[in-house]
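*Asks:* Here is a sequence with its predicted model. Questions after.
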Amino acid sequence: MNFYILTLFPEMVRQALSASIIGRAEENGFLHIDAVNIRDYTKDKHQKVDDYPYGGGAGMVMQAQPIYDAYHALTEKIGRRPRTVYLTPQGHTFTQDLAKEMSLEEDLIFLCGHYEGVDERALEEIVTDYVSIGDYVLTGGELAAMVMVDAVSRMVPGVLTNEASGSMESFEGNLLEYPQYTRPFVWNGKEAPKVLLSGNHQKIEAWRREQSILRTKRYRPDLLKKADLTIREKAVYGVNDKKGV
Ligand code: 6GU
């Protein structure tokens, strides 16, 4: 899968995405990540990419021309116009479901805004998806783009070495993940749960399932209402199915 990130800070993006699992996946050819510097496309003699907002107000606005030209050069190279995400607190909230859906794309373009925003006309020409990563405001779209590239990448086959771990975890079926333990058996006076050393896989699975449900009930009751629980589990853990009641 190919990620193209249009940004004024390509080094920030390259640096962060060259480490760890994502870096290894790129070396192994499962991903390709290309950070494009919007400033390379300015036609201003002082390399300027922003200007004062029409109508006044604080801050600067990124101009349409360098963004559009960077996008145009990129899509000419790719040979098509892929899904293009603008990172903005005004967008739809990013979720695991959207990460999964986007991992099916061959190419994805991200546009990172800075300053007070981007000239609306550039957005109208190129953006297909407006996405926010949560209800708080960042100084620019780069960190949000990196969050999305990470979350989408790990759903791409081959990126995670343990194939199972892409789906058997938090948010699958709207349940949080169960707690994990490793050696030593006693640490700081606390034992690991004995069932995990029992060798009885059915019992271990049942214990993990229960832990997932209890954690979700405690920390994310909003999720538990949407969780895939059996009728029996709903009765045992007191989950009310009826919407809005
Ligand atoms: Cl996608 N961009 C910015 N600038 N701030 C955000 C965000 C995105 N998501 C949450 N806050």
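*Replies:* That came through fine. Residues are numbered from 1 along each chain as shown.

*Asks:* and Tyr181, how many neighbours does it have?
*Replies:* Per other C-beta atoms under 10 Å, the neighbour tally for Tyr181 reads 13. Backbone N, C-alpha and C define where each C-beta goes, glycine included.

*Asks:* can you check Thr230 too?
*Replies:* Using other C-beta under 10 Å: Thr230 sits among 9 other residues.

*Asks:* any idea of the pLDDT on it?
*Replies:* The per-residue pLDDT reported for Thr230 equals 95.

*Asks:* Please report how far the residue nearest the centre of the chain lies from the ligand.
*Replies:* For the chain, Met148 is the residue whose C-alpha lies nearest the centre (C-alpha atoms, centre = their mean; 2.8 Å). Using C-beta to the nearest ligand atom, to the nearest Å, Met148 is found at 8 Å from the ligand.

*Asks:* How about the contacts made by that residue?
*Replies:* 85, 87, 94, 99, 102, 110, 131, 133 (C-beta atoms under 8 Å, 6 or more residues apart in numbering).

*Asks:* Check which helix or strand it maps to.
*Replies:* Met148 is located in helix 142-153, with elements delineated by DSSP states H and E.

*Asks:* following that helix, which helix or strand shows up next?
*Replies:* strand 186-187.

*Asks:* Sheet partners, orientation included, of the next helix or strand after that following strand?
*Replies:* Using DSSP H and E, the helix or strand that follows strand 186-187 towards the C-terminus is strand 190-191. Its sheet considered, strand 190-191 pairs with strand 186-187 (antiparallel) by DSSP bridges.

*Asks:* can you list contacts of the longest strand anywhere in the chain?
*Replies:* Ranked by residue count, the top strand of the chain under DSSP state E comes out as strand 84-93. With contact meaning C-beta under 8 Å, 6+ apart, strand 84-93 is reached by 71, 98, 108-113, 118, 123, 126-138, 141, 144-145, 148.

*Asks:* Counting only helices, which of those residues make the cut?
*Replies:* Per DSSP state H, helices hold the following members of those: 71, 98, 123, 126, 144-145, 148.

*Asks:* Export these as TSV, with columns for pLDDT.
*Replies:* Listed next are the ones in helices among the contacts of strand 84-93 as TSV, based on pLDDT from 0 to 100:
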residue	pLDDT
Tyr71	98
Leu98	97
Leu123	98
Ile126	98
Ala144	98
Ala145	98
Met148	98
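
*Asks:* Tell me which two of these sit farthest apart.
*Replies:* For the ones in helices among the contacts of strand 84-93, the farthest-apart pair by C-beta to C-beta is Tyr71 and Leu98; their separation is 21.5 Å.

*Asks:* give me the element Tyr4 is part of.
*Replies:* strand 2-7.

*Asks:* And for Ile213?
*Replies:* helix 201-219.

*Asks:* where does that helix sit relative to the chain's centre, distance-wise?
*Replies:* Counting by C-alpha atoms, centre = their mean, to the nearest Å, helix 201-219 is centred 26 Å from the centre of its parent chain.

*Asks:* Could you number the chain from 29 rather than 1 from now on?
*Replies:* OK, 29 is where the count begins now, so the last one is helix 229-247.

*Asks:* who touches that helix?
*Replies:* By C-beta under 8 Å, 6+ apart, the list of residues contacting helix 229-247 reads 202-207, 221, 223-224, 226, 251-252, 255, 257, 261, 265, 267.

*Asks:* now swap in stretch 248-267 and tell me
*Replies:* 199, 201-204, 241-242, 244-245, 268-269, 271.

*Asks:* now stretch 177-184
*Replies:* So stretch 177-184 is contacted by 29, 31, 33, 45, 49-50, 53, 58-59, 61, 122, 124, 127-128, 130-131, 136, 138, 187-188, 194 (C-beta under 8 Å, 6+ apart).

*Asks:* Can you tell me which of the residues you listed are buried?
*Replies:* Among the contacts of stretch 177-184, those classed as buried by neighbour count (16 or more other C-beta atoms under 10 Å) are 29, 31, 33, 45, 50, 53, 58-59, 61, 122, 127, 130-131, 136, 138, 187-188, 194.
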